[in-house]
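> Would you be able to build a 3D model of this:
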Amino acid sequence: MLVLCLLSGGPLGLHITAIHKFIEDHPEVKSKSLTTSQINSAFIKPETKGTDHPYIQKCATKRDKKTEQPLVSSATVFVSHAWRYSFYDIVFDVMEQYASKHPDTYFWFDLFTNNQNEISNKDFDWFSTTFRNTIEEIGQVLLVLSPWDDPMPIKRAWCLFEIHNALEGSEVLLNVNLPSKEVGELKAGVIADSECIIKALSDIQAEKAEAKNTYERDLIFDVIKKSGGGFPYVNKQIKDGLRKWYISQLESLIMQEEKNSTLLMHTANVMRSFGFHDSALLLYNKTLSLRLETLGPDHPQVAATYTNMAIVYQDRLELETALEYYHKSLDITLKVLGERHPDVIQCYNNMANAYYSKGDLDKALQYHHNSLTVRLETLGDKDPAVATAYNNIASVHFAKDELDTALDYHNKSLAIRLSTSGENHPNVASTYAGMAKVFEKKQEHEKAIEYYNKSLHIRRDTLGEDHQDVAAVYFSIAASYQNQKQWNKALEFYNKSLEIRLRVLGAGHPAVALCYKNIAIIYREKEQLDKAFQYYNKTVATIGLHAQAGKSLKTEPINDENVKKSRRLSM
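Sure, this is the predicted structure:
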């Protein structure tokens, strides 16, 4: 049988002391860093061959010599892991961490609790039913993930199936943990680039998991797709678990290294990116105190701290405070680095964005022109950075309804980008999208669609179909058709945008809510009220999911993508 049960009928698990004993009896497990798969072939199958029992049977009547605790009892946690992992360095490490906090834990671990000599004879239906029932009965899953920035189990279909079963059970608790060695690697990654965590989370796409048997993979995928929420829900839950681990480990690190201003700063950046503004500001203030004390008031790292604090206030729409901190940063940067330094350009861009958000478009133009002047003086009139400045200025004129002027600046930007980057670069696509918005506002709908399609073709060819920039263009095309009351065309493109955003961003993202909201409006216009209510309810549910992360629903940005990229997040 696959799962050894007690007389009560519940699945059994091993205590951590039993697993310690197994490693002592098989020293190669540690010395050679054997994988779970290698351990199975080298020890488990040979030692249980002909017994008709899983390995756990060997420990069934034994007790720990020191504590008299049984080595086998009712399982309290189901361990989900990848068989390609080093058992000792990764899987056992995580189990030890868990047992140190929960000393009475009994692990259901397939290597020991399954009869490995018979398992190949079982079909998919038997596997799927047994795993699901076992997980539901135990009620708790320990998900072992590694490496921290590209976890292997997400790429394995059967691991994914275990995760899905845990998430499907309303009473099942999912615990996500990583081996202790990953903490140091996480720290190094965050210090090198505070955006590495966001990249790691954005790269998680469970729908790309693989399996040796493609037939079983397809069956697993079919089960997940037909369940509530499908892959977007699975991705979201995995990312939520990872996010909690990232934050808990970073919080522990900064408690140990309270004087490490770079770690403090970059952890604050991570907190800000997750929407935890109060925590971010607390860490930025600690960083500022340290840097003022050690570096003095006129240092570029102090200026960078002011900038990051300003970004938090801008995200919270406390724009006057944001501008106060941007001005502090600019004063230091001008004083120390001079008015022709690239950091000055960033300061001008940040301030332009803040004034834009505040609705002071004249001030926004002033600072964008300040940025443009420095770029022209230092880089010349053919540099891509000058093209970006032109695009940003065009966006402000667009907001001022000065549409012909906006087009002039977009054309200046386009000329530079075509000559420096070629016809198929995403920056060219960005300019086409900006021009399309101008044509849309001028009620030149066919021209708008033409330029949106130019942008779409470039982004799809260079970035791939599953990219949020592609989804953004689909959204804009849909909005154009909506303005023309071409409801069916609008629905077609909103749904294309929605499908990508669900895959890439997850079910709780504001951009998903915007798609639902606009689809609901169209169904209302088509007088299909049942459909309209259905999508309004999806909108509300999505906003609720996002609000749990401490964020708010925002509208589609009209500024060039590069405007946002100019904000400093480091140092």
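> thought Phe221 was touching Lys208?
No: Phe221 lies out of contact with Lys208 (Cβ atoms under 8 Å); the separation is 10.4 Å. In this view, the C-beta of every residue, glycine as well, is placed from N, C-alpha and C.
> Comparing the two, which residue is more hemmed in?
Taking neighbours as other Cβ atoms under 10 Å, Phe221 and Lys208 compare with Phe221 leading, 20 against 13.
> and that one, how far is that from His457?
30 Å (Cβ to Cβ, to the nearest Å).
> Check Ser73 too.
62 Å.
> Tell me the spacing between the closest residue to Tyr88 other than its chain neighbours and Phe92.
Nearest non-adjacent residue to Tyr88, counting by Cβ to Cβ, 6 or more residues apart in numbering: Lys30, 4.7 Å away. Remark: distance between Lys30 and Phe92 (Cβ to Cβ) = 9 Å.
> Next: Leu456.
50 Å.
> Equivalent analysis for Thr67, please.
20 Å.
> neighbour-wise, which of those two wins?
A direct count of neighbours by other Cβ under 10 Å for Thr67 and Phe92 places Phe92 higher, at 23 against 10.
> Please name the nearest non-neighbouring residue to the more buried one.
Per Cβ to Cβ, 6+ apart, closest to Phe92 is Ile19, 6.5 Å.
> any idea which helix or strand carries the one you found?
Element membership of Ile19 [criterion: DSSP states H and E] is helix 16-25.
> outside of that helix, which residues touch it?
With contact meaning Cβ atoms under 8 Å, 6 or more residues apart in numbering, helix 16-25 is reached by 29-30, 59, 62, 64, 67, 69, 71-72, 88, 92, 95-96, 99, 105, 107, 109, 112.
> Report the contact partners of the spatially most central residue of the chain.
What sits nearest the mean C-alpha location of the chain, by Cα atoms, centre = their mean, is Leu201, with 2.8 Å. By Cβ under 8 Å, 6+ apart, the contact set of Leu201 is 239, 242-243.
> Output the host helix or strand of it as CSV - backbone C-alpha positions only.
Element membership for Leu201, per DSSP H and E: helix 196-202. The C-alpha trace of helix 196-202 is given here as CSV (Å, rounded to 0.1, in the frame of the first residue of the first chain):
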residue,chain,number,x,y,z
CYS,A,196,15.5,41.3,-7.3
ILE,A,197,12.6,40.0,-5.1
ILE,A,198,10.0,41.6,-7.4
LYS,A,199,11.7,39.9,-10.4
ALA,A,200,11.8,36.6,-8.6
LEU,A,201,8.0,36.8,-7.9
SER,A,202,7.1,38.0,-11.4
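> all strands of the stretch 1-150 of the chain, in order?
Ranges of strands within the stretch 1-150 of the chain are 12-14, 72-74, 77-80, 107-108, 140-144, based on DSSP state E, counting those that start in this stretch.
> so what strands line up beside the longest one?
What it means is strand 140-144. Using DSSP bridges, strand 140-144 pairs in its sheet with strand 77-80 (parallel), strand 173-177 (parallel).
> out of these, deepest packed?
Of the strands paired with strand 140-144, the one with the most neighbours on average (mean count of other Cβ atoms under 10 Å) is strand 77-80, at a mean of 26.
> got a list of contacts for that one?
13, 91, 95, 98, 102, 105-110, 134-135, 138, 140-144, 153, 159, 162-163, 166, 175.
> Go ahead and build a PyMOL selection from the buried members of those.
Selection of the buried residues among the contacts of strand 77-80 in PyMOL, burial being defined by 16 or more other Cβ atoms under 10 Å:
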select buried, resi 13+91+95+98+105+106+107+108+109+110+134+135+138+140+141+142+143+144+153+159+162+163+166+175
